[in-house]
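*Asks:* Build me a model:
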Amino acid sequence: MTPRRVRVRALFATLVAIALTFAAPAPTRAVDDAKWMFDPSVMVQVNLTIPDSSMEQISCDMGAERPYVPATFSMTYTPRRGAAKSFGPWAITLKVKGQYGSFRCLPSGDKAGLKLKFPSGSRPDGLKKLTLNNMVQDESMVSEVLSYEAFRALGVAAPRTGYAQVTINGTYRGIFLNVETMDSVALPRWFPTTQHLYEGSYGAAWISWGDVADATSGHYEVDEGDEDDRTDLQNLLDTARDGSDGWYARMHPIADLDQMTKMWAAEWFLGHWDGYSQFVINNYYLHADGSGRFTMMPWGTDQAFQSANRYDGASEHYIFNGCVADPICGGMYVDALSFIESKWNGWRLDRRADTVYRVVAAESSGVALTKEFIAARDDEHRAWIATLPRIPSSLSTSTSRSRPGEIRVSWRRPSLAVPITGYAVEYRAGSGAWTRTTAAASSTSLTLTGLSAGSYTVRVRSLSDSLQSPSVSRSVTVR
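*Replies:* Residues are numbered from 1 along each chain as shown. Down below sits the predicted model:
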């Protein structure tokens, strides 16, 4: 090969490489320069100047329009060790936040929750927004910190938190929760792609802001994505409302029900009565990734550690209702509750409450009631579990080279504290959808046939009419 041909081939390879670089965009990478701020041990100092012309546009009527108005922002943080941080003064815009119970009149000097919006070039470590919750419904000032940490420990996307001492026009307004805004800055830490982020508020009929079944209603606010095209959400709602047989199979391609059941189970464990699975159908996000598959995220947990129902019968939380009525998804919800119970004491939320309380002790009413709730929750769950059939024991799975495509599943019959009317045997390949078959109450084994080669998870649970036990599971490889 001549030197000229070598050079031409090298040039061609270089051009192909450059073309491929531009043709295939790099995946979204989360930038997390503000990580330091979302730590409950951090107390930043926020100073806001709101001119009279802006204050005049802020209404004390909760139902009035809330435009962003001009203000001046500065923020400082002086750690015990290391260099101090300082931002501003910057020209920003802000608006009042809060609804029933938490709304306060800012012009009257009340402690109003705030949303701050930063223009390009004037952003604290890259943040586009700050959300400052007034915590007027959480006298302990620790509920959101603890509950969001628990959600995140389960792999459920939830905001991080820190604290801020806020001064407005020279007057100190108190300690606020600096809660991470779930936007295009925060979402890439959890999701490679985002098609939509919908925020749901007040869906119960007695307090409704709009029809939960209608993706265009006032119940839903589009926080990220195309506000006019909500076909992904409408498809989710229509599919969820179809209660005919096969609900789980229809929902699995468009909803991560493993994730959602963990979130709903956590709402019960955390006493988050103001969430999606509870009677208000409030304070939640629905996130659609680039393929249109949904997960759910918590919000507004300032009244956690109070009370909640495992299932309250409200007709408007369609996804939750469809799940608990479906045999496969209903079992997943039972499993999620049992999984959290296995982690509950190990999280030591009581100790965490004490640690976080020390940061806000000057303005907190204390954490005694929060700790009482935490201490009682495990026993309450165990009392409920006692009403269900017992879990099968000694689960085993086996395959044979002489019988490819089969898994023999066997288990031991549990004690009969609650009468057993059968068993459910469920299996899935990889992270795919679950398939369910049942066995008679007298059975202790079952053979699954017609399976393709691959890795499978098999789980078995006891049945007592409509009641299901938590499952026991095993992994197995089919050749």
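*Asks:* how deep is residue 119 tucked in, by neighbour count?
*Replies:* Here the neighbour count serves as a burial measure; for residue 119 (other CB atoms under 10 Å) it reads 11. To be clear about C-beta, it is placed using only N, CA and C from the backbone, and glycine gets the same treatment.
*Asks:* three-state assignment of it?
*Replies:* coil (DSSP: H, G, I helix; E, B strand; the rest coil).
*Asks:* Next: residue 346.
*Replies:* Taking three-state DSSP as the rule, one finds residue 346 in the helix state.
*Asks:* What count of nearby residues applies to it?
*Replies:* The tally of other residues near residue 346 (other CB under 10 Å) stands at 8.
*Asks:* go on, residue 76?
*Replies:* The burial count for residue 76: 13, using other CB under 10 Å.
*Asks:* in the sheet, who's paired with it?
*Replies:* Applying DSSP bridges to residue 76 gives these bridge partners: residue 45, residue 86.
*Asks:* Am I right that it is in contact with residue 43?
*Replies:* No: with contact taken as CB atoms under 8 Å, residue 76 and residue 43 are classed as non-touching, separated by 10.6 Å.
*Asks:* what residues are up against residue 67?
*Replies:* When contacts are counted by CB atoms under 8 Å, 6 or more residues apart in numbering, residue 67 touches 57, 95.
*Asks:* how near is it to residue 111?
*Replies:* Between residue 67 and residue 111 the distance, using CB to CB, to the nearest Å, works out to 21 Å.
*Asks:* hang on, the earlier thing: which residues do residue 76 and residue 43 both contact?
*Replies:* The contact lists of residue 76 and residue 43 share no entry, where a contact means CB under 8 Å, 6+ apart.
*Asks:* Quick check: residue 455 vs residue 328, distance?
*Replies:* Applying CB to CB to residue 455 and residue 328 gives a distance of 20 Å.
*Asks:* The two: which has the busier surroundings?
*Replies:* Regarding residue 455 and residue 328, a neighbour count based on other CB under 10 Å identifies residue 328 as having more, with 22 against 12.
*Asks:* contacting residues around that one?
*Replies:* Taking CB under 8 Å, 6+ apart as the contact definition, residue 328 lies against 248, 426, 434, 436.
*Asks:* mind checking the backbone torsions on it?
*Replies:* phi -70, psi -50 (degrees, to the nearest 10).
*Asks:* Name the helix or strand for the closest residue in space to it that isn't next to it in sequence, please.
*Replies:* Across the structure, with CB to CB, 6 or more residues apart in numbering as the measure, the residue nearest residue 328 apart from its sequence neighbours is residue 248 (4.2 Å). Under the criterion of DSSP states H and E, residue 248 resides in helix 247-251.
*Asks:* Now do the buried residues in that helix.
*Replies:* By neighbour count, with 16 or more other CB atoms under 10 Å as the criterion, the buried positions of helix 247-251 are 247, 248, 250, 251.
*Asks:* which element is residue 300 on?
*Replies:* For residue 300, no secondary-structure element claims it when assigned by DSSP H and E, so it is in no helix or strand.
*Asks:* And residue 380, by the same measure?
*Replies:* helix 368-385.
*Asks:* Alpha carbons of the helix or strand that that helix is followed by, as CSV, please.
*Replies:* Using DSSP H and E, the helix or strand that follows helix 368-385 in sequence is strand 393-400. Included here for strand 393-400 are C-alpha records, laid out as CSV according to Å, rounded to 0.1, in the frame of the first residue of the first chain:
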residue,chain,number,x,y,z
SER,A,393,-41.2,-22.1,53.5
SER,A,394,-38.3,-24.1,52.1
LEU,A,395,-38.7,-22.8,48.5
SER,A,396,-36.5,-24.6,46.0
THR,A,397,-36.1,-24.5,42.3
SER,A,398,-34.4,-27.0,40.0
THR,A,399,-33.8,-27.6,36.3
SER,A,400,-32.6,-30.6,34.4
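*Asks:* Tell me how far the residue nearest to residue 267 when sequence neighbours are not counted lies from residue 197.
*Replies:* Leaving aside its chain neighbours, residue 267 sits nearest to residue 275 (4.4 Å; criterion: CB to CB, 6+ apart). Per CB to CB, residue 275 is found 17 Å from residue 197.
*Asks:* Between those two, which has more neighbouring residues?
*Replies:* Using other CB under 10 Å as the criterion, residue 275 and residue 197 rank with residue 275 on top: 30 against 20.
*Asks:* which residues does that one contact?
*Replies:* Contact criterion CB under 8 Å, 6+ apart gives 267, 282, 283, 284, 298, 300, 301, 308 as the residues in contact with residue 275.
*Asks:* any weak-confidence spans in the stretch 201-350 of the chain?
*Replies:* Under the criterion pLDDT under 70, the flagged ranges of the stretch 201-350 of the chain are 205.
*Asks:* Which residue ranges of it form helices?
*Replies:* Taking DSSP state H, counting those that start in this stretch to define them, one finds helices in the stretch 201-350 of the chain at 231-241, 247-251, 257-269, 318-325, 327-347, 349-360.
*Asks:* need those helices in CSV with distance to residue 139, can you?
*Replies:* As requested, the helices of the stretch 201-350 of the chain are exported to CSV (distance: least, CB to CB, whole Å):
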stretch, distance to residue 139
helix 231-241, 36
helix 247-251, 39
helix 257-269, 21
helix 318-325, 29
helix 327-347, 22
helix 349-360, 11
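*Asks:* any idea which of those helices is most buried?
*Replies:* Among the helices of the stretch 201-350 of the chain, judged by mean count of other CB atoms under 10 Å, the one packed with the most neighbours on average is helix 257-269 (a mean of 25).
*Asks:* Could you check how far the nearest residue to residue 324 once chain neighbours are set aside is from residue 316?
*Replies:* Computed as CB to CB, 6+ apart, the closest residue to residue 324 that is not its neighbour in sequence is residue 330, at 4.9 Å. Applying CB to CB, one obtains 19 Å for the distance of residue 330 from residue 316.
*Asks:* Residue 44 now?
*Replies:* In this structure, residue 44 and residue 316 are 38 Å apart, going by CB to CB.
*Asks:* Does residue 75 touch residue 43 like I think?
*Replies:* No: taking CB under 8 Å as the definition, residue 75 is not a contact partner of residue 43, at 11.3 Å.
*Asks:* Need the overlap of contacts for those two.
*Replies:* Taking CB under 8 Å, 6+ apart as the contact definition, residue 75 and residue 43 share the neighbouring residues residue 164.
*Asks:* if we can go back for a sec, so which of the helices of the stretch 201-350 of the chain gets nearest residue 88?
*Replies:* Of all the helices of the stretch 201-350 of the chain, the one in closest proximity to residue 88, counting by CB to CB, is helix 349-360 (23.4 Å).
*Asks:* packing partners for that closest one?
*Replies:* For helix 349-360, the contact count by 3 or more CB pairs under 8 Å, 6 or more residues apart in numbering; DSSP states H and E identifies helix 143-153, helix 368-385 as packing neighbours.
*Asks:* Most tightly packed of these?
*Replies:* Each of those was assessed for mean neighbour count using mean count of other CB under 10 Å. The highest is helix 143-153, with a mean of 22.
*Asks:* Give me the mean pLDDT for that one.
*Replies:* Per-residue pLDDT values across helix 143-153 average out to 97.
*Asks:* how big is the angle separating it from helix 257-269?
*Replies:* Taking axes from the mean of the first three to the mean of the last three CA atoms, to 10 degrees, one finds helix 143-153 and helix 257-269 inclined to each other by 150 degrees.
*Asks:* same for helix 143-153, what does it pack against?
*Replies:* Contacts of helix 143-153 with other secondary structure elements, assessed using 3+ CB pairs under 8 Å, 6+ apart, are made with strand 161-168, strand 171-179, helix 257-269, strand 294-298, helix 327-347, helix 349-360.
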